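> Give me a model of this one.
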Amino acid sequence: MPALAGQVSNPDWIFGAQSSGLEILTGGDGLLRWRSSADSGWHEEKLGDATVDMAVADPSGQRFLALSNGRAWHGERSAADMRWTPALEGWKLSKIGFDSERSAWLAWACRSERSSECAVLTAAISEPAGQGWQVVGQGATPELRLVGVDSDNRAIASAMNGRLWISETRLGEWQSVPVPKKFMLSEVVYWKRAGPWWAGMTRDQRVLLVDAARAKAFAVAMPTGKPGGQGSGWTAAAYDAQSATLMLGGADGRIALLAAAGRSSQPAFSLRAARLPYVEQLAFDAVRRQWLALSNDGQLFASINAGLEWTLEKRFGQVRPNGLAQAADGRLLMWGDGGFIAHRSPAEGWVLEQPDLSRYINHILVSPAGSLLAVGVQGLIARAAAPSGRPADWRVIDAGLGYGQYLSHALAYPGSQTLLAAGSSATIVRSTDDGASWQTVFKHADGALGNFQRIAIHPQSRVALVVANPGWVMRSADEGATWQNTAEGAVLQLKDVLALPGAGFVAVGEGGSVLFFDAQGRLQRQLAIAASPVWYQIREAAGALWVMGDGNKLLRISLDGQQVEEIGLGQHFLARDIISPAPDVLIVAGARGALLRSADGGQHWQVVNAGVQANLRRLLQDEKGHLWVTGREGVLLRSQDAGLSWQALPSGTIRHFKDGLLLPGTHTLLLYGERLLALPAAHR
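Residues are numbered from 1 along each chain as shown. You can find the predicted model right below:
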């Protein structure tokens with residue numbers, strides 16, 4: 001069954017290339033994108049749900065070879081679509097390529113994942129799809145394990161006996177490289193090709209440098225220096241062919257340079273800088289004659305004096321870049337997690353083509369002014385205009401949060417442009433312009449409060465509460481400008497809080513704790529429900545509040561907060577959400593694909609088998625009255641009979657969904673978590 005016609009907005013791009021006038025990107029959820037220099041936008045193709053590890057194309061852009069989960073797929077475009085045919089069945093592939101001289105596909109493969117029979121194979125692009133593959137070079141090489149292939153299809157491999165081999169002169173023909181004593185190839189975690197060099201980098205900052213032209217390897221004693229950032233070890237390499245200079249970048253922000261003279265004797269690097277963040281990628285821009293260093297938090301630095309001085313050229317927000325490539329015309333392409341794509345051309349400068357919506361979105365809300373706001377990991381805050389039925393145009397906002405921080409929840413003051421968001425490191429940020437800009441209004445000095453979980457704003461008193469751990473409840477009575485603790489030491493960790501119109505607040509957490517506050521946020525009373533270790537969240541359904549957790553019961557609380565009733569489920573059940581699609585009908589979703597249904601207001605429950613094992617997280621009801629359940633592993637279930645039966649629908653992703661909402665006006669279902677999936681009403 002094909003996936004529902006939705007828009008997956010934030011895939012992880014893991015591979016990119018620029019060759020033969022084409023730009024190619026591949027990533028999670030089976031996605032492949034490409035364009036030529038003449039195209040104004042990207043062409044997109046979906047190859048199943050598994051990650052597409054890499055892809056290459058012929059110069060016409062009509063034929064593709066893709067690698068996904070060790071399998072090769074041959075794609076051929078027509079006026080209507082792309083037809084995919086499996087290739088090299090029976091082989092487990094590690095890399096693919098395109099030989100422009102022979103107009104042929106290339107593949108580096110073994111007979112199986114554990115097989116010792118490995119080979120380089122080729123097939124002319126004129127052959128029928130998936131056919132005509134032949135072993136080239138020295139044939140099967142039983143001991144070799146490929147560790148790297150560069151853009152010119154030159155390869156480096158290790159052998160089971162610890163020897164090193166390179167294929168530099170003719171495809172598939174291997175030449176042995178003596179490895180210095182006391183250097184174990186198994187210690188190399190990165191292999192990078194830069195000009196004539198292969199650089200093998202270990203976690204303890206050593207480098208094995210292979211001169212490919214001379215088939216000679218050097219165990220390089222790298223210069224020492226005080227670490228200046230995150231972690232240690234060398235992570236990136238780049239080469240300037242004109243000056244024959246090799247540059248390495250490190251996880252601790254150091255830059256080391258090997259001048260051309262280093263090839264005549266034992267290579268010796270000089271240390272250039274230690275002031276950069278974690279260096280994820282290095283490149284040399286041959287058009288502008290400058291070195292580029294890309295950090296793992298989306299900062300791009302440039303140097304015109306061989307790494308002695310660096311200037312910040314562009315900051316792309318809290319992104320995780322995975323690659324940086326340059327075409328012959330000087331155009332730079334950058335890609336990464338969360339759908340991040342950016343390019344720089346000599347004429348246009350840097351253009352952010354697709355905003356980074358992060359790897360995990362924790363919450364999306366619709367503000368009183370109609371804007372969409374998303375918060376999540378890596379300090380994500382993104383904003384989009386009011387829903388219009390077209391794909392949302394998200395804009396990522398830099399709120400000055402660190403790369404390791406996350407925001408767990410956001411909420412708006414009724415009828416106002418003031419918004420709040422809270423998350424890790426006891427941080428609260430505030431916007432007074434409908435999310436266009438943000439300021440940090442609270443951050444605990446030593447982080448003793450841990451992570452903030454949820455926000456509630458009372459509609460009458462406009463007092464806001466934020467629950468945290470261990471047992472803190474932060475209170476603001478001035479539209480979020482200042483904050484004080486209103487329940488210090490009262491309870492263990494709190495998980496959720498909800499405002500009750502006409503009453504006060506209720507908060508729940510560990511130890512079976514239930515806390516009641518008045519409308520001013522003052523703690524009134526506290527309950528501890530026996531044999532209920534953790535309450536996770538509160539939902540409103542069927543004219544009451546329902547508290548869910550890990551146990552064999554639910555709590556039903558009257559909307560005025562005065563009555564609390566335990567509702568038995570008849571079995572141990574990790575409940576995560578509840579909905580009432582019709583009078584007296586209740587549906588509860590939970591762990592391991594479990595669904596419970598009651599037709600008498602919760603007095604009796606029946607197990608509904610939906611045929612899935614993944615944890616279920618969110619129940620939604622659309623404008624047609626249909627029920628939807630989202631969960632982990634891309635699970636998406638639909639019921640058209642008030643929850644009596646469920647149908648599993650392909651979402652187009654195997655990533656996790658955490659939550660969702662029905663957008664007002666357009667009736668678009670927006671599902672989010674590790675992916676953002678929009679399902680318009682017309683496609684449901």
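
> And for the residue nearest to A436 when sequence neighbours are not counted, the neighbour number?
Nearest non-adjacent residue to A436, counting by Cβ to Cβ, 6 or more residues apart in numbering: R383, 6.8 Å away. To be clear about C-beta, it is placed using only N, CA and C from the backbone, and glycine gets the same treatment. R383 is flanked by 23 other residues according to other Cβ atoms under 10 Å.

> Point me to the helix or strand that includes R383.
Using DSSP states H and E, R383 sits within strand 381-384.

> Next secondary structure after the helix or strand where V189 lies?
Element membership for V189, per DSSP H and E: strand 188-194. Sequence-wise, the next helix or strand downstream of strand 188-194 (DSSP H and E) is strand 197-202.

> who's in contact with that following strand?
148, 156, 166, 185, 187-193, 207-212, 233-235, 237, 239, 246, 248 (Cβ atoms under 8 Å, 6 or more residues apart in numbering).

> isn't G601 right up against A541?
No - the pair G601 / A541 is not scored as a contact, 10.6 Å apart, by Cβ atoms under 8 Å.

> Mutual contacts of those two, please.
L586.

> Just the CA trace of the longest strand seen in the chain, in CSV.
For the chain, the strand that runs over the most residues, judged by DSSP state E, is strand 564-582. Output in CSV follows, covering the C-alpha atoms of strand 564-582 (Å, rounded to 0.1, in the frame of the first residue of the first chain):
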residue,chain,number,x,y,z
VAL,A,564,-11.1,12.3,42.5
GLU,A,565,-12.0,8.7,41.5
GLU,A,566,-9.8,5.7,40.7
ILE,A,567,-10.9,3.8,37.5
GLY,A,568,-9.5,0.3,37.3
LEU,A,569,-8.3,-1.1,34.0
GLY,A,570,-8.3,-4.8,35.0
GLN,A,571,-4.7,-5.2,34.0
HIS,A,572,-1.3,-3.5,34.2
PHE,A,573,-1.2,-0.9,31.5
LEU,A,574,1.2,2.0,30.6
ALA,A,575,-1.4,4.5,29.4
ARG,A,576,-0.3,7.5,27.3
ASP,A,577,-3.5,9.0,26.0
ILE,A,578,-7.3,8.9,26.2
ILE,A,579,-10.1,10.2,24.0
SER,A,580,-13.9,10.1,24.0
PRO,A,581,-15.2,9.9,20.5
ALA,A,582,-18.9,9.4,21.5
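
> Start and end of stretch 223-235, how far apart?
15 Å (Cα to Cα, to the nearest Å).

> Give me the mean pLDDT for it.
Across stretch 223-235, pLDDT averages out at 60.

> Same question for stretch 330-350.
Here the average pLDDT along stretch 330-350 is 83.

> repeat for stretch 117-136
Rounded mean pLDDT across stretch 117-136 is 90.

> just stretch 486-498 next, same as before
77.

> In the stretch 51-200 of the chain, where is pLDDT below threshold?
113-115 (pLDDT under 70).

> Filter the contacts of strand 197-202 down to just the ones in helices.
Under the assignment DSSP state H, the contacts of strand 197-202 contribute nothing to helices.

> Just the buried residues of the residues you listed.
Those of the contacts of strand 197-202 that meet the buried threshold are 148, 156, 166, 185, 188, 190-193, 207-212, 233-235, 237, 239, 246, 248, by 16 or more other Cβ atoms under 10 Å.

> Would you quantify the distance from S94 to A66?
14 Å (Cβ to Cβ, to the nearest Å).

> Among these two, which residue is more densely surrounded?
More neighbours surround A66 than the other of S94 and A66, with 24 against 20 (other Cβ under 10 Å).

> now the stretch 301-450 of the chain, which segments are flagged as low pLDDT?
For the stretch 301-450 of the chain (pLDDT under 70), the answer is 317-318, 354-359, 389-391, 403, 446-449.

> tell me the strands in it, going along the chain?
311-315, 321-326, 332-336, 341-345, 349-354, 361-366, 372-376, 381-384, 395-396, 407-412, 419-423, 427-431, 439-443 (DSSP state E, counting those that start in this stretch).

> Now for the closest residue to I166 other than its chain neighbours: which residues touch it?
Leaving aside its sequence neighbours, I166 sits nearest to I156 (Cβ to Cβ, 6+ apart; 5.1 Å). For I156, the contact set (Cβ under 8 Å, 6+ apart) comprises L146, V147, G148, V149, L164, W165, I166, S167, W191, R193, W198, V210.

> My guess is the fifth one contacts L185. True?
If I follow you right, that is L164. Yes - with contact defined as Cβ under 8 Å, L164 counts as touching L185 (6.3 Å).

> between these two, what contacts are shared?
Joint contacts of L164 and L185 (Cβ under 8 Å, 6+ apart) are S158, V179.

> Tell me how far the residue nearest to I166 lies from A238.
17 Å.
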